[in-house]
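[1] Quick one: sequence and predicted model below, then my questions.
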Amino acid sequence: MSIDMGSLHGALGGTASASFLLFLIDNRVVLFFKVYCIAGTLLMAACLGLGSEDLLAPRRIAYVCASLVSLAGAVGVFFVLTASIDSSRLRAAYVEAGTALISGTSVAFVAILNTFGAAARIGGALYSAW
């Protein structure tokens, strides 16, 4: 692939960290939370899975996976950006684990991309160990 996956992972991790820090510092602005969700929950696992695919799969399969993940990621970004979030729940002193802050179609894309990422990483580890 023409994209350096290590740089992409670093950029996503840095973006997620910075946006969450800005979210906490700047009066819990919803946009910073959405950027954190995009970089940290929507795209990170899928990009880690693409790294495994790129190393282990034949070129054609790796390119097809990258194309499908890119398309699903772009659509997922749109749905996360347009999702309605109850800002009063974000402003609580503590946001409890399991609280559904983002709902709707965006959750489906998060689940699909995270499932792909986990399957690719675990499958790649099992293949490498075998």
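    Thanks, I have it.

[2] Mind listing what's buried along the lowest-mean-pLDDT helix or strand in the chain?
    Using mean pLDDT, DSSP states H and E, helix 87-90 stands out as the lowest-scoring helix or strand of the chain, at a mean of 76. Of the residues in helix 87-90, L90 count as buried by neighbour count, 16 or more other Cβ atoms under 10 Å. Where C-beta positions appear, they are placed from N, C-alpha and C, glycine not excepted.

[3] go on, stretch 110-123?
    Going by neighbour count (16+ other Cβ under 10 Å), the buried part of stretch 110-123 is 110, 112-114, 116-117, 120-121.

[4] Show residues contacting that stretch.
    37, 41-50, 52-53, 65, 69, 72-73, 76, 80, 102 (Cβ atoms under 8 Å, 6 or more residues apart in numbering).

[5] how many neighbours does R60 have?
    By the criterion of other Cβ atoms under 10 Å, R60 has 8 neighbours.

[6] scratch that, L12
    Neighbours of L12 under the rule other Cβ under 10 Å: 20.

[7] Is it in contact with G40, as I believe?
    Yes: look at L12 against G40 with Cβ atoms under 8 Å: they come within range, at 7.5 Å.

[8] related to what we said a few turns ago, relative to L24, which of the buried residues of stretch 110-123 is nearest.
    Closest approach between the buried residues of stretch 110-123 and L24, by Cβ to Cβ: V110, at 21.4 Å.
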